[in-house]
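What follows is a predicted structure for the sequence shown.
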Amino acid sequence: MSIGFDGLRGGRLLVLLFVLLPFVSAYAVEVSGDCWGFWTADNNPYNVVGDIRVPRESTLVIGAGCYINFTGRYRFIIDSSATLLALGGESDSIYFLPQDTVRGWGGLRFINADTSYLSYCVLRWGKVYRSDYPYSKGGAIFLANSCLRIENSNLSNNQAFEGEGGAIYSRGLTLSVHDCVMRDNYCGFGGAAIHCWRTRVVIENSEFMRDSTFSPLGFGNGGAITIYDCSSATIVGNTIKGNFGVLGGGILVTVHSNAFQVTLVSNVISYNRALFSGGGVALLGSTANLCGNLIYSNSAGSSSSSGEGGGIFCAGSYLTMVNNTVTNNQVTPRGEGGGVYCEMGRSELRNNIIWNNVAGYIGNQIYQCLDTTVFIGYNDIQDTVWPGEGNISLDPLFADTAAGNYNLTWVNYPIEDSSKSPCIDTGDPSCPPDSDGTRADMGALFFDRRRLGIVDEPMPVDYLLLGSYPNPFNEVVTIRYRNLRAGPVRLVVYNLAGQEVAALVDGFRPVGEARVVWEAYGFPSGIYFVCLTTLSGSRAARMVMVK
């Protein structure tokens, strides 16, 4: 049975019409073949009895609370220039589930589709096999030259047994994932949760747990996420925990050209395991910026393999690390680089804490091959004071490592004594200050005086940055700030190296809220800091540009 409205095929007012048109039915329906128009919860359940296809240049809108029940391993295909809008709500999700969880269902297949959007959706037990070729990848979602944004959704227990992307596989154009949960997904060859190839990808504020990839052939790279030959990838604010892969227990990034760039910002990457290298993160032939990440308790190697880079494995790459904490990672007794392993390429480490990592053979904290150029400045690295300006080797005084709390402590604040972590206010002075207006700390979690309620002076609101939009942004970003006292204002953008790249405001400004647009054409993708300075002090915030 096909459900559709011919007059609405290809229309772009479907979301509005969905709200306005009454659509009432008191019985469940069986669906297969071509479908377009509107589905509402009044027809629940939608029993899928054959492959579904949203035809060319058509749109299907699925409303909140719909239950799509796959009676067999049928596919849901979104065809060329077609659109799927699955618009669930916080309390009434949309469910894509199989009747038989052992056999599963064939997943959503986007083939040269128009931009589609999934929100508050649950996709579980999508399963594909080699015999499903060309759809043998992406257990729940397969993207080919398509654009998809997915938010606030749960993708769990999906499998691509002999392919890539246990939950999501993307090849070409764009994938944007926000505030999602991905757990217990599996694939044979890489990226148990997400595998992206030649895709522009953003993954933000999502959770990846217990995703695993492994093949008897020795493949299985990128336990949770694999980024392969992508033009750009931004991975921000995610929790990546307890995943397993052969190379890159949490994340694998590999490209064939250093022109491509990946940015990892403010992620918590922990308890992941790699059979060979890169317990937390593996970087191969890439240009990578890591900023503000907490990488701890990851491991690499096994009883039969040596293991390299318990926290981070970097080979043939250009790596920039700023304000990361890499701690309590390990490799096997014959392994190298318990914290960070660098081979070939060039690495720059600034304002990091690399502490209490263990390598059975050599390089507990950092292992640097002779063919690698490494600049290290203003870091706290255990075992020895590493050559370079500002480096120390002192106990960072974490709050509670047993509980996974790696905040810096200062018990007798504001008294300058031994209770103050040596990593507080000792970062590179050329870097933008922390958000509480003080000199940059070392590590991912700065000591925020505002949270103590006993700052030297109350945080004045006349120089508060109200934020930047969008963030991440694509070459053009709007920055908002408020000034309640007339006087000189300076708003400057810095790059990761602490170099000023743009002065947006420099002079007297009256009272009031202001918006400033930065047109960053010609600047490379990556992390930037916007710093606002007034008579009252300074405030800084991170921005991420993705082209």
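Yes, it's here. These numbers come from a predicted model, not from an experiment.

center of the protein - which residue?
Residue closest to the average C-alpha location in the chain (C-alpha atoms, centre = their mean): Ile235, at 2.5 Å.

Contact partners for that one?
Ile235 is in contact with 202-204, 225, 227, 251, 262-265, 267, counting by C-beta atoms under 8 Å, 6 or more residues apart in numbering. No exception for glycine: its C-beta is placed from N, CA and C like everyone else's.

repeat for Ala540
Ala540 touches 432-435, 465, 529-532, counting by C-beta under 8 Å, 6+ apart.

Next up, identify which helix or strand it is on.
Counting by DSSP states H and E, the element that carries Ala540 is strand 537-545.

CA atoms only: put that strand into PDB for me.
C-alpha atoms of strand 537-545 as PDB (Å, rounded to 0.1, in the frame of the first residue of the first chain):
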ATOM      1  CA  GLY A 537      39.000  43.000  32.200                       C
ATOM      2  CA  SER A 538      39.000  40.300  29.600                       C
ATOM      3  CA  ARG A 539      36.900  37.300  28.400                       C
ATOM      4  CA  ALA A 540      37.600  34.700  25.800                       C
ATOM      5  CA  ALA A 541      35.600  32.000  24.000                       C
ATOM      6  CA  ARG A 542      36.400  29.300  21.500                       C
ATOM      7  CA  MET A 543      34.900  29.300  17.900                       C
ATOM      8  CA  VAL A 544      35.300  26.500  15.400                       C
ATOM      9  CA  MET A 545      35.300  27.200  11.700                       C
END
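
how much space between Leu283 and Gly311?
To Gly311, Leu283 is 12 Å away according to C-beta to C-beta, to the nearest Å.

one step back: drop anything exposed from the contacts of Ala540.
Buried members of the contacts of Ala540, counted by 16 or more other C-beta atoms under 10 Å: 432-435, 465, 529-532.

What segments of the stretch 1-150 of the chain are helices?
Remark: helices assigned in the stretch 1-150 of the chain by DSSP state H, counting those that start in this stretch are 14-20.

the strands in it, which residues?
If DSSP state E, counting those that start in this stretch is used as the criterion, the strands of the stretch 1-150 of the chain fall at 29-34, 37-39, 46-54, 59-62, 67-70, 76-78, 83-87, 94-98, 108-111, 116-119, 121-124, 127-128, 141-151.

Same list (those strands) but as a markdown table, adding distance to Cys291, mean pLDDT and mean neighbour count.
Shown next, in a markdown table, are the strands of the stretch 1-150 of the chain (distance: least, C-beta to C-beta, whole Å; pLDDT from 0 to 100; neighbours: other C-beta atoms under 10 Å):
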| stretch | distance to Cys291 | mean pLDDT | mean neighbour count |
| --- | --- | --- | --- |
| strand 29-34 | 47 | 96 | 16 |
| strand 37-39 | 42 | 95 | 22 |
| strand 46-54 | 40 | 97 | 20 |
| strand 59-62 | 38 | 96 | 24 |
| strand 67-70 | 40 | 97 | 21 |
| strand 76-78 | 36 | 97 | 25 |
| strand 83-87 | 33 | 95 | 22 |
| strand 94-98 | 35 | 97 | 22 |
| strand 108-111 | 32 | 97 | 25 |
| strand 116-119 | 28 | 95 | 22 |
| strand 121-124 | 31 | 98 | 24 |
| strand 127-128 | 36 | 96 | 27 |
| strand 141-151 | 24 | 95 | 23 |
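
TSV for those strands, including distance to Thr373?
Shown next, in TSV, are the strands of the stretch 1-150 of the chain (distance: least, C-beta to C-beta, whole Å):
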stretch	distance to Thr373
strand 29-34	58
strand 37-39	57
strand 46-54	51
strand 59-62	52
strand 67-70	53
strand 76-78	47
strand 83-87	48
strand 94-98	49
strand 108-111	42
strand 116-119	44
strand 121-124	44
strand 127-128	43
strand 141-151	37
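
Out of the ones you listed, the one nearest Ser419 is which?
For these, the distance to Ser419 is smallest for strand 141-151, at 43.2 Å, taking C-beta to C-beta.

distance between the helix or strand following that closest one and the chain's centre?
Where DSSP H and E defines the elements, the next helix or strand beyond strand 141-151 is strand 154-156. From the chain centre to the centre of strand 154-156 is a distance of 16 Å (C-alpha atoms, centre = their mean, to the nearest Å).

Next, the residues that contact strand 154-156 from outside, please.
93, 121-124, 140-141, 167-168, 180-185, 193.

What's the separation between Ser232 and Thr263?
8 Å.

intersection of neighbour lists for the two?
525, 546.

List the residues that contact Ser215.
Taking C-beta under 8 Å, 6+ apart, one finds 162, 188-189, 246 in contact with Ser215.

whoops, I mixed them up, Ser80
Per C-beta under 8 Å, 6+ apart, neighbours of Ser80: 56-57, 111-113.

same question, Pro396
Counting by C-beta under 8 Å, 6+ apart, Pro396 has contacts 353, 355, 380, 408, 421-423, 442-443.

what's the answer for Ile269, then?
For Ile269, the contacting residues are 240-241, 250-251, 280-281, 293-296, 298, by C-beta under 8 Å, 6+ apart.

hey, what's it bridged with?
Beta-bridge partners of Ile269, counted by DSSP bridges, are Ile240, Ile295.

pLDDT score for it?
On the pLDDT scale, Ile269 is placed at 98.

With Glu416 instead?
For Glu416, the pLDDT comes out at 94.

And what about it, helix, strand or coil?
Classification of Glu416 using DSSP: H, G, I helix; E, B strand; the rest coil returns coil.

And it, how close does it get to Ile392?
The gap separating Glu416 from Ile392 is 16 Å, by C-beta to C-beta.

Next: Asn158.
In terms of C-beta to C-beta, Asn158 sits 46 Å off from Ile392.

again with Cys291
20 Å.

okay, the two: which has more neighbours?
Shown here are Cys291 and Ile392; by other C-beta atoms under 10 Å, Cys291 has more neighbours (24 against 16).

circling back to that earlier point, mind checking which of Leu283 and Gly311 has more residues around it?
Gly311 (36 against 31).

ok, the closest residue to that one other than its chain neighbours - how many residues close by?
Closest residue in space to Gly311, ignoring its immediate chain neighbours: Asn329 at 3.8 Å, by C-beta to C-beta, 6 or more residues apart in numbering. Each residue near Asn329 was counted by other C-beta under 10 Å, and the total is 31.

and what of Asp184?
The burial count for Asp184: 18, using other C-beta under 10 Å.

Now do it against Gln365, distance only.
Asp184 is 33 Å from Gln365, by C-beta to C-beta.

One more: Gly278?
Taking C-beta to C-beta, one finds Gly278 at 16 Å from Gln365.

just Ala192 next, same as before
To Gln365, Ala192 is 29 Å away according to C-beta to C-beta.

Which residue of the two possesses the greater neighbour count?
Ala192 (35 against 26).

what's the helix or strand for that one?
Ala192 is part of no helix or strand when elements are defined by DSSP H and E.

Tell me the spatial nearest neighbour of it, not counting adjacent residues.
Using C-beta to C-beta, 6+ apart, the closest residue to Ala192 is Asp211 (3.7 Å).

I'd say that neighbour and Met182 touch.
Yes - counting by C-beta atoms under 8 Å, Asp211 does reach Met182; the two are 6.4 Å apart.
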